[in-house]
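K.L.:
For reference, the sequence and a predicted model appear below.
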Amino acid sequence: MVSLRSLVAVVGLIASPVIAAVTPAQIADALNQLTSKAKDIQPVAESITFTNSLLLITEEGPYAEIIAKYTEIVTLATSLLSRQDGTPVEAGADATLVLNSYKQFVTENYIAFEILTDKANFLVRTAFIGLRVADVLDEVEDVYITIGLTLAELVESRAEEIDRQTNTLLRALNRCISQHNRHVGTTLPGVPDDEILPPNWYM
């Protein structure tokens, strides 16, 4: 099973070319980097309206920015998880440090997913946009599952609580994906199923 060792390498926490054991503080700092990126998505998601959601047709607007941000998270996390190190985190203060960082990671991602789930109501007639968002969220799900499983393995003393946090996060993410997929097969008003929309049809 992959670990969070590579989280450290990408954010510059290991300066030496010699791979050393990752400390709990480094794991926490690396998680915080991903948490910050997830938090940055929240105001963009809040800004979504029906009109600006349609700008994704021209790769603009809040949905384009959100897709780009989640793609960045997936790319970063995949790189971070690509180099394995199974250094365990000892029970006590070290385990608590990592757990608290993971809780914050879950909290900020949960908020972003809940906002996106609510905003998906704007996509009732724009299934193609929902599918674009769902596609990137599927990739996010894969990497977040890996992070959760890895942390539970590394921090064995707090594994049960980490699993609960992971399950909470994944439930919110699954709701978000389902909401973006639920209008598959719908079309825009007055537009045949097989017709490609002109870039400025909504203006």
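P.N.:
Thanks, I have the structure now.
K.L.:
Mind jotting down where the strands sit in this protein?
P.N.:
Here the chain has no strands by DSSP state E.
K.L.:
Where does pLDDT dip in it?
P.N.:
1-21, 80-85, 123-127, 183-203 (pLDDT under 70).
K.L.:
Geometric centre of it: which residue is closest?
P.N.:
Compute the mean C-alpha point of the chain, and by CA atoms, centre = their mean the closest residue is residue 140, 4.5 Å away.
K.L.:
hang on, that residue packs against residue 73?
P.N.:
Yes: Residue 140 lies in contact with residue 73 (CB atoms under 8 Å); the separation is 6.6 Å. For the C-beta atoms, the positions are set from N, CA and C on the backbone; glycine is no exception.
K.L.:
hang on, the earlier thing: residues contacting the residue nearest to the centre of the chain?
P.N.:
Residue 140 is in contact with 70, 73-74, 173, counting by CB atoms under 8 Å, 6 or more residues apart in numbering.
K.L.:
Could you rerun that using 6 Å?
P.N.:
Shown in contact with residue 140 (CB atoms under 6 Å, 6 or more residues apart in numbering): 70, 74.
K.L.:
for the protein, what spans make up the helices?
P.N.:
5-10, 24-46, 50-53, 61-80, 93-119, 127-154, 159-181 (DSSP state H).
K.L.:
Select, out of these, the one closest to residue 86.
P.N.:
helix 127-154 (7.2 Å; CB to CB).
K.L.:
The closest one: how far from the chain's middle?
P.N.:
Relative to its parent chain, helix 127-154 has a centroid offset of 6 Å by CA atoms, centre = their mean, to the nearest Å.
K.L.:
any idea how far residue 88 lies from residue 94?
P.N.:
As judged by CB to CB, to the nearest Å, residue 88 and residue 94 stand 10 Å apart.
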